[in-house]
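Q: Need coordinates for the following:
(one chain, ligands or ions: 1)
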Amino acid sequence: MDATIPQRLARLRARIAIAMTKYSRAPGSVDIVAVSKSQPVEAIAAALAAGLHRFGENYVQEALTKIADPRLTGRGIEWHFIGPVQSNKTRLIASRFDWVHGIARLNIAQRLSEQRPEQLEPLNICLQLNVSGETTKAGAALDELPDLARAVARLPRLRLRGLMTLPAPTQDIHEQRAAFHKLYQAFHELNKQGFQLDTLSTGMSDDLEAAIAEGATLVRVGTAIFGARGSAPAHDALHSTLK
Ligand SMILES: *Cc1c(COP(=O)(O)O)cnc(C)c1O
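A: Residues are numbered from 1 along each chain as shown. Down below sits the predicted model:
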């Protein structure tokens, strides 16, 4: 079924509200990062008009073109880099984004701190934890996390905000919750050690209920807002009819 971006967003907000009630989450404690990778500027503008202001991008070059687009500049957008960070891209990321999710290596964090321009606020950082063991290599292991967090928290131009994870995909809500619960436990363990983390970046279109059950504060949602990626030409998005 075809739907517009405002219609999909209304459905998404209803899903989030139901999950928040079901899992006794405080009102206002879950925000949406709209994942706009591979979506045209028109689709981002439509989501902005529908009330979203945080956007997540995975690919640096694609994102820079959008960030610089006159239809989007000066409109209060917070840009989140959610893809893997390559060391040769850190300068562009440090100067154009507000948040980076998915830091798992200290040398990448050091580069981002060194390259964060003086006139900008510190760059917000989430460390990526690998909660799926062998099945995916992305993210720090649980036993590496405290040392990484300590080192990143000391970097002057970064602000350590929390943790993110990308678990191995599964349709089973119990498996989804088990993976997100590991992140939640790691988050509380770090805060017990004196960190002041306030962000759990977990949950996508297919598993956001499980993420909300396990404490997510930012859900990163693409297809549930914009429709399937790469299936429709840009002019369709102009009329907000992407599916
Ligand atoms: C693409 C992507 C998302 C959004 O996925 P959807 O299934 O479209 O909601 C979230 N997080 C990351 C890191 C992604 O790469």
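Q: need the residues of this protein near the ligand, please.
A: By Cβ under 6 Å from any ligand atom, the residues of the chain that approach the ligand are 35, 37, 58, 82, 166, 204-206, 220-224. (Glycine included, C-beta is placed from N, CA and C.)
Q: One more pass at 8 Å, please.
A: Contact residues, the chain versus the ligand (Cβ under 8 Å from any ligand atom): 33, 35, 37, 56, 58, 82-83, 101-102, 164, 166, 204-206, 220-226, 229.
Q: So for the residue in the chain that the ligand sits nearest to, what's the pLDDT?
A: Closest residue of the chain to the ligand, Cβ to the nearest ligand atom: Gly222 (2.7 Å). Looking at Gly222, its pLDDT reads 98.
Q: wait, it sits on Val35?
A: Yes. Here Gly222 reaches Val35: they are 3.4 Å apart, a contact under Cβ atoms under 8 Å.
Q: So for the two, which residues contact both of them?
A: Residues touching both Gly222 and Val35 (Cβ atoms under 8 Å, 6 or more residues apart in numbering) are 56, 204.
Q: of these two, who's got more company?
A: Val35 (25 against 21; other Cβ atoms under 10 Å).
Q: So what pairs up with that one in the strands?
A: Judged by DSSP bridges, the bridge partners of Val35 are Gly56.
Q: how far away is it from Glu114?
A: 28 Å (Cβ to Cβ, to the nearest Å).
Q: give me the number of residues near Pro27?
A: Around Pro27 there are 8 residues (other Cβ under 10 Å).
Q: Excluding chain neighbours, give the residue nearest to it in space.
A: Leaving aside its sequence neighbours, Pro27 sits nearest to Met20 (Cβ to Cβ, 6 or more residues apart in numbering; 7.4 Å).
Q: and that neighbour, that's in a strand?
A: No. Counting by DSSP: H, G, I helix; E, B strand; the rest coil, Met20 is not found in a strand; it is helix.
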